[in-house]
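Colleague: Sequence and predicted structure, then a few things I'm wondering about:
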Amino acid sequence: MRGKFISNVSSAVRIYGSLLMQTKDDERADRVIRFAEETLPLKEIASGPTEAPGFGPQFRQHMALDIVLQELRRFPGKGWTLIQAGLQSPTVRNRNMAIQALAAWERGGPGRLKLNSY
């Protein structure tokens, strides 16, 4: 039963992540991010870095997180909880997606968050 639940949650997050890809609306982005934060097992995902590529059925949740993380670069300052989980994920891909989002925020530009460098 748990495997089926995880599969359904991951599918739902992937669908919502796809909606995030199709929007520039901050309010919709907030809803998608909140849904991902409330439904993905972020503590389980953030189990610590390894060299795992993140493919296969045991990484369904990680793959769902990927979809949301890759779009967070367009929404500066949003989804910190997801980025933190991504940075502590055992999958290389989650960590890379989280870093890419932070890097996009730092680069600035129209609608981007400009982080201070010290």
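Modeller: Looks like it arrived, so ask away.

Colleague: Assign the most centrally placed residue in the chain to helix, strand or coil.
Modeller: The centroid of the chain falls nearest to Leu69 when counting by C-alpha atoms, centre = their mean (2.9 Å). The three-state label given to Leu69 by DSSP: H, G, I helix; E, B strand; the rest coil is helix.

Colleague: contacting residues around it?
Modeller: If a contact means C-beta atoms under 8 Å, 6 or more residues apart in numbering, then Leu69 has Gly79, Leu82, Ile83, Gly86, Asn94, Met97, Ala98, Gln100, Ala101 as its contacts. Every residue, glycine included, has its C-beta placed from N, CA and C.

Colleague: Verify the assumption that Phe59 is located in a helix.
Modeller: Yes - counting by three-state DSSP, Phe59 is found in a helix.

Colleague: what about it, distance to Asp66?
Modeller: 9 Å (C-beta to C-beta, to the nearest Å).

Colleague: For Thr91, grab phi and psi.
Modeller: phi -90, psi 140 (degrees, to the nearest 10).

Colleague: and it, how many residues sit next to it?
Modeller: By the criterion of other C-beta atoms under 10 Å, Thr91 has 23 neighbours.

Colleague: Check it and give its pLDDT.
Modeller: Note for Thr91: predicted pLDDT of 96.

Colleague: I'd say it and Phe59 touch.
Modeller: Yes - with contact defined as C-beta atoms under 8 Å, Thr91 counts as touching Phe59 (6.2 Å).

Colleague: if I look at these two, which residues touch both of them?
Modeller: The contact lists of Thr91 and Phe59 share Ala52, where a contact means C-beta under 8 Å, 6+ apart.

Colleague: So what touches the helix or strand where Gln100 lies?
Modeller: Here Gln100 sits within helix 92-107, counting by DSSP states H and E. Contact with helix 92-107 is made by 45, 49, 51-54, 62, 65-66, 69-70, 72-74, 76-77, 79, 82-87, 89, 112-115, as judged by C-beta under 8 Å, 6+ apart.

Colleague: what about 7 Å?
Modeller: 49, 51-54, 62, 65-66, 69-70, 72-73, 76, 83, 86-87, 89, 112-113, 115 (C-beta atoms under 7 Å, 6 or more residues apart in numbering).
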